[in-house]
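> Here's my sequence, what's the structure:
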Amino acid sequence: MPSSLNAATGAAHAQAPPSPPRTGSDPVPASASLSFPATSDTVLPIATATAPPGSRPSLREFLTKNLFILGLAVAIGLAAAWPDLGKTGGYIHAEYSVSFVAVIVVFIISGMSLKTDILLKSLKNWKMHLVIQSISLGAIPAIGLGIGRLLQLNPSFNTLLAKGLIIATSTPTTISSNVIMTRQAGGDEAGAIANCVLGNVIGVFVSPSLIFAYVGSLASGTTLSIATTLQNLAITVIVPLIVGQIVQFAFPWVLSAVSKRVNLSLINSAMLLLLVWSVFCNTFSEHIGDQIDAGSIAAVVFLCLGCFCFFSLLSFGVSRIPWLHFSRRETVAIVMCAATKSVAMGVPMINTIYAGSPLIGIISTPLLCYHAEQLVMGTIFVGLIKRWVENEPK
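Numbers count the residues shown, from 1 in each chain. Sure thing, here's the model as predicted:
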């Protein structure tokens, strides 16, 4: 749902009509080449679109393409070096000064960026919306649950990482990298945008429910208060989203003025990185990371890669069922939207549901891995799928 640190946003605008790049607040006609707000889910696809054929990327291009991922590494490194600064009850009381404030800011900006009016314009394509959301928030979480439960049967695999994989698959689709990749592959961009909005609006309610049902508490002997968690979700997620939507539709001049003076995508990315830093400060301060061996981390990396490829193939296969009658352009949108997962939605949500737990850093690891790998694999898929779309019989 929320946006990202991406110094390469200018590249995206070379392909689309000029629009304020920082909030995504302009009306978006279905026929236009749409410009979407830069988010933490859009680091690689935008930048790779502008590299001249055959050219070798410079150090600067590499940094701008991978800025958010590098920021994650720096945030985790700083947490490991000085965990007492950002831990719960630490020097700055990050549970309030960082976690609470950052989550609210992230979802206010998301509310200002989500183009919910597009949903009303795209209701006629309900069949595609139903397929994408059924895969994204139905089939994939169920498969993730099965994989996670099997991993928990293996005594050598860390249980928290297995739960983290289940949580990662339970988050909604990304809010803009899938739109960028759909556009680049020649897919149904308007349909992709509508499903980004729909998935994240539904995800505010569905994802916490899935996490409660599939994961529950993180450690044995502890309980997760549903009432307290729902209250926290209302305060830090739902209310800020509503406030952002009110600003977008009732006070567009305020949004326009703010977007001209403030880089909202930069602020949003900074808040996400602060959240990651804070939760890993808790992890390192309690020495919980010492329980994780290199083999488990390597397994998570390969599992997330395999899951993304499998989910993409699953989405492709469902979209090509003859009686559904999806065009190749619609298939691209289905594949790009159904298989991707949102770190920008997932990290704040995990932080809210398991507020104050030193285990958040560990259970967030699979989602962070999945996020990085879907960006890399997405850029590979774009080139393959684009040729397939261009060869569609007329």
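
> any idea which residue sits dead centre in this protein?
Ser342 (1.5 Å; C-alpha atoms, centre = their mean).

> State the distance from that residue to Gly186.
Using C-beta to C-beta, to the nearest Å, Ser342 is found at 24 Å from Gly186. C-beta: built from backbone N, CA, C; applies to glycine.

> can you check Val301 too?
Note on Val301: its distance to Gly186, by C-beta to C-beta, is 31 Å.

> so where's the stretch 101-250 of the chain uncertain?
Scanning the stretch 101-250 of the chain for pLDDT under 70 picks out 118-119, 219-224.

> Phi, psi for Lys260 please.
In terms of degrees, to the nearest 10, the main-chain angles of Lys260 are phi -80, psi -20.

> Let me see the confidence value for it.
Note for Lys260: predicted pLDDT of 86.

> residues contacting Pro348?
Pro348 makes contacts with Pro2, Ala102, Val103, Val106, Phe107, Thr236, Val237, Leu272, Leu275, as judged by C-beta atoms under 8 Å, 6 or more residues apart in numbering.

> Dump the residues you listed into TSV; add neighbour count and distance to Ala142 as well.
Compiled in TSV, the contacts of Pro348 are given as follows (neighbours: other C-beta atoms under 10 Å; distance: C-beta to C-beta, whole Å):
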residue	neighbour count	distance to Ala142
Pro2	33	26
Ala102	26	31
Val103	26	27
Val106	32	28
Phe107	30	27
Thr236	24	27
Val237	24	24
Leu272	28	27
Leu275	23	28
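
> List just the nearest of the residues you listed to Arg329.
Pro2 (27.2 Å; C-beta to C-beta).

> Ignoring the adjacent residues along the chain, who's closest to the residue nearest to the centre of the chain?
Thr174 (4.7 Å; C-beta to C-beta, 6 or more residues apart in numbering).

> Quick check: the gap between Ala81 and Phe280.
Distance from Ala81 to Phe280, by C-beta to C-beta: 11 Å.

> typo on my end, Leu78
Applying C-beta to C-beta to Leu78 and Phe280 gives a distance of 9 Å.

> Neighbour count for these two, which is higher?
When Leu78 and Phe280 are compared for neighbours, Phe280 comes out ahead with 28 against 16, by other C-beta atoms under 10 Å.

> And the pLDDT at that one?
For Phe280, pLDDT reads 86.

> Give me the three-state assignment for it.
On the three-state scheme (DSSP: H, G, I helix; E, B strand; the rest coil), Phe280 is labelled helix.

> Can you get me a residue count around the closest residue to it other than its chain neighbours?
Setting aside the residues directly before and after it, Phe280 is nearest to Ala79 in space (C-beta to C-beta, 6+ apart), at 3.7 Å. Ala79 is flanked by 24 other residues according to other C-beta under 10 Å.

> Tell me the confidence at Ala79?
89.

> State the distance from the residue lying closest to Ile166 once chain neighbours are set aside to Met345.
Excluding the flanking residues, the one nearest Ile166 by C-beta to C-beta, 6+ apart is Gly148, at 3.8 Å. Distance, Gly148 to Met345, by C-beta to C-beta: 19 Å.

> quick one on the thing from earlier: name the element the residue nearest to Phe280 belongs to?
helix 67-81 (DSSP states H and E).

> next one: that helix to chain centre, how far?
Mean-position distance between helix 67-81 and its chain equals 18 Å (C-alpha atoms, centre = their mean, to the nearest Å).

> Over to stretch 141-153?
21 Å.

> Look up phi and psi at Ser357.
The phi/psi pair for Ser357 (degrees, to the nearest 10) reads phi -80, psi 130.

> Tally up the residues packed near the closest residue to it other than its chain neighbours, please.
Computed as C-beta to C-beta, 6+ apart, the closest residue to Ser357 that is not its neighbour in sequence is Leu218, at 6.1 Å. Neighbour count for Leu218, taken as other C-beta under 10 Å: 20.

> what about Leu218, is that helix, strand or coil?
Classified using three-state DSSP, Leu218 is coil.

> Scan this protein for its longest helix.
helix 360-390 (DSSP state H).

> Can you name the next helix or strand after the host helix or strand of Val201?
Taking DSSP H and E as the criterion, Val201 maps to helix 189-214. The helix or strand immediately downstream of helix 189-214 is helix 226-233, counting by DSSP H and E.

> buried ones in that next one?
Thr229, Asn232, Leu233 (16 or more other C-beta atoms under 10 Å).

> go on, stretch 376-390?
Across stretch 376-390, burial judged by 16+ other C-beta under 10 Å covers Met377, Gly378, Thr379, Phe381, Val382, Ile385, Lys386, Val389.

> Closest one of those to Ser265?
Gly378 (19.0 Å).

> Once you drop chain neighbours, what's closest to the closest one?
The shortest distance from Gly378 to any non-neighbouring residue, by C-beta to C-beta, 6+ apart, is to Met181 (4.8 Å).

> right, and that neighbour touches Val376 too?
No. The criterion here is C-beta atoms under 8 Å, and Met181 misses it with Val376 at 11.6 Å.

> on that earlier part again, hmm, the residue nearest to Ser357 is touching Pro358, no?
No. Between Leu218 and Pro358 there is no contact under C-beta under 8 Å: 9.6 Å.

> Tell me, how many residues neighbour Cys196?
32.

> can you pull the contacts of it?
Thr173, Thr174, Ile175, Ser176, Asn178, Val179, Cys337.

> name the element the third one belongs to?
Which is Ile175. Going by DSSP H and E, Ile175 is not part of any helix or strand.

> Just give the nearest non-adjacent residue to Lys127, would you?
Leu324 (6.8 Å).

> my read: that neighbour touches Leu130, true?
No. Using C-beta under 8 Å, Leu324 is not in contact with Leu130; the gap is 10.1 Å.

> More neighbours: which of the two?
Using other C-beta under 10 Å as the criterion, Leu324 and Leu130 rank with Leu324 on top: 14 against 11.
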